[in-house]
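Enquirer: Here is a sequence with its predicted model. Questions after.
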Amino acid sequence: MSVVTVQLGQCGNQVGQELFDVISSDAQDGQRKTYSSVSRERFFRQTSQGDFEARAVLVDMEPKVINHSMNRAAKSGRWRYAEASHFSQKQGSGNNWANGFRVLGPRHRDAVEELVRREVEHCDVLAGFIPMMSVAGGTGSGVGTFVTQCLRDVYPSSFVLNHLTWPYGTGEVIVQNYNSVLTLAHLYQLSDALLVHENDAVHRICSQQLNLKQISFGDLNRVIAHQLAGVLQPALTPDSCGAYSGNPLGIDWQVRPPPASAGRTSSLTAGGFNASLANLLILRGKDVYSAETGGFEDPAIYTSWLPPAEALSLWKSPVPFDKYEKSATLVSNSQALLRPLDDMVRKAWNMFASRAYIHQYVKFGISEEDFLDSFTSLEQVISSYAQLQC
Amino acid sequence: MTQSVVVQVGQCGNQVGCRFWDLALREHAHVNKRGLYDEALSSFFRNVDLRKSDGGDCCVGGRIQHLKARAVLIDMEEGVVNGILQGPLREVFDSTQLLTDVSGSGNNWAVGHLTYGSAYREAIVNKLRKAAEHCDCLQCFFLIHSMGGGTGSGLGTRVLSLLEEEFPDVCRIVTAMYPSAEDDVITSPYNSVLAMRELTEHADCVLPVENQSLVDIVNKISVMSHGAKPGSALRKDSTVTSGQGSLSPTEKPFDAMNNIVANLLLNITSSARFEGSLNMDLNEIAMNLVPFPRLHYLVPSLTPLYTLADVNIPTRRLDQMFSDAFSKDHQLIRADPKRSLYLACALMVRGNVQVSDLRRNIERLRPSLPFVSWNQEGWKTGLCSVPPVGHSHSLLALANNTCVKPTFMELRDRFTKLYRKKAHLHHYLDVDGMEQSIFSESLSSLSALIDEYHQLDATKARLIPDAQRLSIAR
């Protein structure tokens, strides 16, 4: 089963290149042939000369980053991007979601869909798509949202998992909160799952856990790639009968909300810790079969919607991942993103209240109405998550 | 990759423009070791093979044949432009890019804007179109002119309107040199205010530069390099102050000041030309720094203006570069942004600087900088890996800050002093097409602008609560 990755904008193309790099070196080092061949089938295809080409489509509105990523990939010697699988223009989206979503996306729809179609044709069995993008800028966020919509339209029964990078809270782009709100509100309707990395959190990992003194975007991207690969590389699921799970994206992310009931508290998180809807724990390497994971099934951390045994999914792979003797990855559908999301909406709303920068969006076809719709959508998401109680 | 066209108008505009082209060539020569005409070069230069029968432009990728600046040079006197054509930069321009006359504008905005503006409209549009046609993907026009004279200020702003008419989708960034109070052109306040209205209405961004600030900065560097300790002398290949190492061996009087402005343009376009881990394109500048259409005056500050001999500058000095960007001594207009209100701020870093350095300094400086309530964390950041020649890193800060208000108020005062007495007014009113209403409208435009900044300033002291959020039915 194969996955087609769509790398969008500077962030998507930079992180994507690191992701394929980790996966390729991990698959290469793996001592288990099955693990390697499943991983390779999932993310790469082999040319007649035996080279591995990533199952990826690279999209950006200006060429510098794609050129850079393609060169870096080729330098690895282990894999590369296919020559014809990229699309770029000369001039970027100008950090303007409206420009990306309403103008550039539609303008280049055919070209991008064609590239995706060709990649899909190379797949024996398509598991689904992973669009990778940031939410702060113009291309990843705006064009990325539009492309996600196209994927949805053209492949209605395929799984779409968006990997999103959230910017530093203290700002990389001044209109980042507008772009993020518009992106998230739309993706909520379009996507099957949103897998999120926040630059602030990844930065903390680099400084506090990896003890890096000088941190570059490359460092951040490598941490993200490592974590993401930890989710996507082959693993044995309880029902896969000893074979690697065919569909790496086949996680039941959707948990239907319970009927509304009165008397819920309105503070963001009750009790001060984040209630989980569901968790996915992936263990890799040594001692996976004897690891004690009971704590993850503790009812105290879950809402009452699912029995804890169902709320926790546990995957294992005896193959060590990315040179770590033992590693664990936790993917959580919980209130952990509630505070960052709320902060983002609060700041965007404050800016919207003064109508600052709105003329830049109106110029490209996004109205105040559209903004209000997006704000409403996200307030509902925030409200739903805030109401979770263990 | 996109291209930009520089339109330099008037004496000052052409002098600054000339410095810019000189430094740009040097910068690219420094980086481009293989003599290939690459994307970065193509952003400001065409590559022309004179042997080709169609006189044609060469594509990116081949060897450099003849570099021609993507520029249009306009002046109503011949002195400066002729000087350029006889100087070391003569190869870089061809005659089709120039538009000159002989009599000058007599320091009269109306002559520049109306008389020459009409007479040369056709010719100007043709030259602009020609320059645009040579571009694969034209992103931006950089207009350079002074505000106090007649040609730069009058004809320059006429060109601005033409750019908006003919190329509405191309960004217009104006570098405008404002006269000091002691300017020897008596009517400079008239010219400046008349021009300002045009800038407010037709430019996407304006980078105001005050002559006096440039003088102060040049003096400061001079003091530093003469009073400096050994080993900390001004690096002789530094682009910032001298033209040494560039094409012109003898420095003309305003060269040092003009170099600073030229550096501003180099730095603002660096991220669009060269690669980096966080690119900042030109169209992102207006998007992020202009929250309301008319408030598009961005105060530039450049650091470091001097550098020490060390190549590996320890962290402390890197942080000093960031601190300096916010000090009033480094602003290119006489203003203290820290005492006013920031609406938005962009930091464009070049060289060996990582995102952690950027984050650390933003966090360190943030508490002392007053930001408007709805943009408390409003930073636009860019990291370009290629440093400027002679430095290991540099920083350009562009601030949309209410500190421009005092500058504009002072300008208005100087204007009103003259206007009240109707001093020299007849020189203007005698010009065909000029009416008194243009004066009063320009004054209103300036007052309205000052007022908008004032309204924002008023919010500074108040504690603005968060806007009430939408409430969702449960």
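Expert: Arrived safely, thanks for sending.
Enquirer: next structured bit after the helix or strand hosting residue B:221?
Expert: In this assignment (DSSP states H and E), residue B:221 forms part of helix B:211-226. Next along the chain after helix B:211-226, taking DSSP H and E as the criterion, comes helix B:255-273.
Enquirer: Show the subsequent helix or strand relative to that following helix.
Expert: With elements assigned by DSSP H and E, the helix or strand that comes after helix B:255-273 is helix B:282-289.
Enquirer: mean confidence score for that following helix?
Expert: Across helix B:282-289, pLDDT averages out at 91.
Enquirer: Wondering if the helix or strand that that helix is followed by reaches chain A at all.
Expert: Using DSSP H and E, the next helix or strand after helix B:282-289 towards the C-terminus is strand B:299-303. No. Strand B:299-303 is not in contact with chain A by CB under 8 Å from any CB of the partner chain; minimum separation 15.8 Å. Placement of C-beta: from N, CA and C, glycine included.
Enquirer: ok and strand B:299-303 relative to helix B:255-273, angle-wise?
Expert: 90 degrees (axes from the mean of the first three to the mean of the last three CA atoms, to 10 degrees).
Enquirer: and the residue nearest to residue A:298 when sequence neighbours are not counted, what is it in contact with?
Expert: In space, and not counting its chain neighbours, residue A:298 is closest to residue A:308: 6.9 Å by CB to CB, 6 or more residues apart in numbering or on different chains. Residue A:308 is in contact with A:297-299, A:302, counting by CB atoms under 8 Å, 6 or more residues apart in numbering or on different chains.
Enquirer: what packs against the helix holding residue B:221?
Expert: In terms of contacts (3 or more CB pairs under 8 Å, 6 or more residues apart in numbering or on different chains; DSSP states H and E), helix B:211-226 is packed against helix B:255-273.
Enquirer: what's the angle from the helix it packs on to helix B:211-226?
Expert: Interaxial angle, helix B:255-273 versus helix B:211-226 (the same axes, to 10 degrees): 100 degrees.
Enquirer: For the residue nearest to the spatial centre of chain A, give its distance to residue A:133.
Expert: What sits nearest the mean C-alpha location of chain A, by CA atoms, centre = their mean, is residue A:163, with 1.1 Å. Residue A:163 sits 7 Å away from residue A:133 when distances are taken as CB to CB, to the nearest Å.
Enquirer: Show me which helix runs longest in the chain.
Expert: Picking chain A for this. helix A:9-29 (DSSP state H).
Enquirer: I was thinking of chain B, sorry if that wasn't clear
Expert: Chain B, longest helix under DSSP H: helix B:436-461.
Enquirer: by contact count, what packs against it?
Expert: helix B:188-202, helix B:404-420, helix B:425-429.
Enquirer: tally of neighbours for residue 176?
Expert: This is for chain A. 29 (other CB atoms under 10 Å in any protein chain shown).
Enquirer: sorry, should have said chain B
Expert: Around residue B:176 there are 26 residues (other CB under 10 Å).
Enquirer: where does it fall, phi/psi-wise?
Expert: phi -120, psi 130 (degrees, to the nearest 10).
Enquirer: what residues are up against the residue lying closest to residue B:331 once chain neighbours are set aside?
Expert: Nearest non-adjacent residue to residue B:331, counting by CB to CB, 6+ apart: residue B:301, 4.8 Å away. Applying CB under 8 Å, 6+ apart, we find residue B:301 in contact with B:324-327, B:330-332, B:396-397, B:399.
Enquirer: What are the buried residues along the longest helix of chain B?
Expert: B:438-439, B:442-443, B:445-446, B:449-450, B:452-453, B:456-457, B:460 (16 or more other CB atoms under 10 Å in any protein chain shown).
Enquirer: Give me the distance from it to the chain's centre.
Expert: Distance, stretch centre to chain centre, for helix B:436-461: 23 Å (CA atoms, centre = their mean, to the nearest Å).
Enquirer: how big is the angle separating it from helix B:404-420?
Expert: 150 degrees.
Enquirer: So for helix B:436-461, mean pLDDT?
Expert: Rounded mean pLDDT across helix B:436-461 is 93.
Enquirer: Poorly predicted segments of the stretch 151-300 of chain A, please.
Expert: A:240-272 (pLDDT under 70).
Enquirer: before we move on, back to that, same list (the buried residues of helix B:436-461) but as a markdown table, adding distance to residue A:283.
Expert: Output for the buried residues of helix B:436-461, formatted as a markdown table (distance: CB to CB, whole Å):
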| residue | distance to residue A:283 |
| --- | --- |
| B:438 | 77 |
| B:439 | 78 |
| B:442 | 72 |
| B:443 | 74 |
| B:445 | 68 |
| B:446 | 68 |
| B:449 | 63 |
| B:450 | 65 |
| B:452 | 60 |
| B:453 | 59 |
| B:456 | 55 |
| B:457 | 58 |
| B:460 | 54 |
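Enquirer: contact partners of stretch B:419-435?
Expert: B:106, B:108-111, B:114-115, B:118, B:186-187, B:190, B:418, B:436, B:439, B:443.
Enquirer: Nearest to chain A among the residues you listed?
Expert: Among these, residue B:443 lies closest to chain A (CB to the nearest CB), at 25.2 Å.
Enquirer: picking that back up, mind listing the residues bridging to the residue nearest to residue B:331?
Expert: Bridge pairing for residue B:301 (DSSP bridges) gives the partners residue B:331, residue B:397.
Enquirer: Look up how far residue B:447 lies from it.
Expert: In terms of CB to CB, residue B:301 sits 27 Å off from residue B:447.
Enquirer: residues touching the residue nearest in space to the middle of chain B, list them.
Expert: What sits nearest the mean C-alpha location of chain B, by CA atoms, centre = their mean, is residue B:175, with 3.3 Å. Contact partners of residue B:175, counting by CB under 8 Å, 6+ apart, are B:16, B:142-145, B:206-207, B:209, B:261, B:264-265.
Enquirer: next one: phi and psi at residue A:304?
Expert: Per degrees, to the nearest 10, the backbone of residue A:304 is at phi -90, psi 10.
Enquirer: Roughly how far does it sit from residue A:332?
Expert: For residue A:304 relative to residue A:332 (CB to CB), the value is 17 Å.
Enquirer: Likewise for residue B:416?
Expert: From residue B:416 to residue A:332 the distance is 65 Å (CB to CB).
Enquirer: sec struct for residue A:290, please.
Expert: Assigned with DSSP: H, G, I helix; E, B strand; the rest coil, residue A:290 falls in the coil class.
Enquirer: Around it, how many other residues sit close by?
Expert: If we define neighbours as other CB under 10 Å, then residue A:290 has 6 of them.
Enquirer: Check residue A:135 too.
Expert: Residue A:135, neighbours per other CB under 10 Å, totals 30.
Enquirer: per-residue pLDDT, it?
Expert: Residue A:135 is given a pLDDT of 96.
Enquirer: Surely it and residue A:183 touch.
Expert: Yes. With contact defined as CB atoms under 8 Å, residue A:135 reaches residue A:183; the gap is 4.5 Å.
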